[in-house]
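Enquirer: Provided below are the primary sequence and the corresponding predicted coordinates.
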Amino acid sequence: MKKLLEFLYWEEGLFQREIAEIFKVDPTTIGEWMEKFLIKARPRGFQPGNLVNWKGGKRIEKGYLYHFLPDHPCAKSNGYVSEGRLVLENILGDFLPCYSIMHHFNKDSQDNRPENLMFFESQASHTAHHEQLRAQGVL
């Protein structure tokens, strides 16, 4: 958790409120975590990299929110990790297996509130879940 916070804060240049949005917690919680892990505050006027097109390491791909975390064990080849995965990993306190599949209960792929997410160990188990819902007439 410490390395991820340091990366988002120092390398990505995200504000505590932006990090809080990723983890779906109150911004004061981020401040408490930073204090706990002895992560120092940035100096005033800090600019990560001075890159003209830098958008803070966030993007939308095929309707899903992704964050640039190239050192994450499940980062795609472009260095991005799905926000849903990050939210669930934060709750569990550990990394999910890279082959696991995120599922959004309300079918809104950008709604990454913890209560809207679950993960499946494989694409096959995720597909079986959808087939079961179809059989019940839910989908």
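Expert: Noted; the coordinates are in hand. Residues are numbered from 1 along each chain as shown.
Enquirer: contact partners of the longest helix along the chain?
Expert: In the chain, with assignment by DSSP state H, the single longest helix is helix 123-135. With C-beta atoms under 8 Å, 6 or more residues apart in numbering as the test, helix 123-135 has contacts from Tyr99, Ile101, His103, Phe120, Leu139. For glycine as for every other residue, the C-beta is placed from the backbone atoms N, C-alpha and C.
Enquirer: From the residues you listed, list the buried ones, please.
Expert: Among those, the ones that count as buried by 16 or more other C-beta atoms under 10 Å are Ile101, His103, Phe120.
Enquirer: Which parts of the protein are helices?
Expert: All helices of the chain, identified by DSSP H, fall at 2-6, 16-23, 27-36, 83-92, 123-135.
Enquirer: Please name whichever of these is nearest to Arg113.
Expert: Nearest of these to Arg113, taken as C-beta to C-beta: helix 83-92 at 7.8 Å.
Enquirer: now the closest one against helix 16-23, angle please.
Expert: Calculated by axes from the mean of the first three to the mean of the last three C-alpha atoms, to 10 degrees, helix 83-92 forms an angle of 90 degrees with helix 16-23.
Enquirer: what mean pLDDT does helix 83-92 have?
Expert: The predicted model gives helix 83-92 an average pLDDT of 92.
Enquirer: Can you work out which other helices and strands pack against it?
Expert: For helix 83-92, the packing partners by 3 or more C-beta pairs under 8 Å, 6 or more residues apart in numbering; DSSP states H and E come out as helix 16-23, strand 64-68, strand 101-104, strand 117-120.
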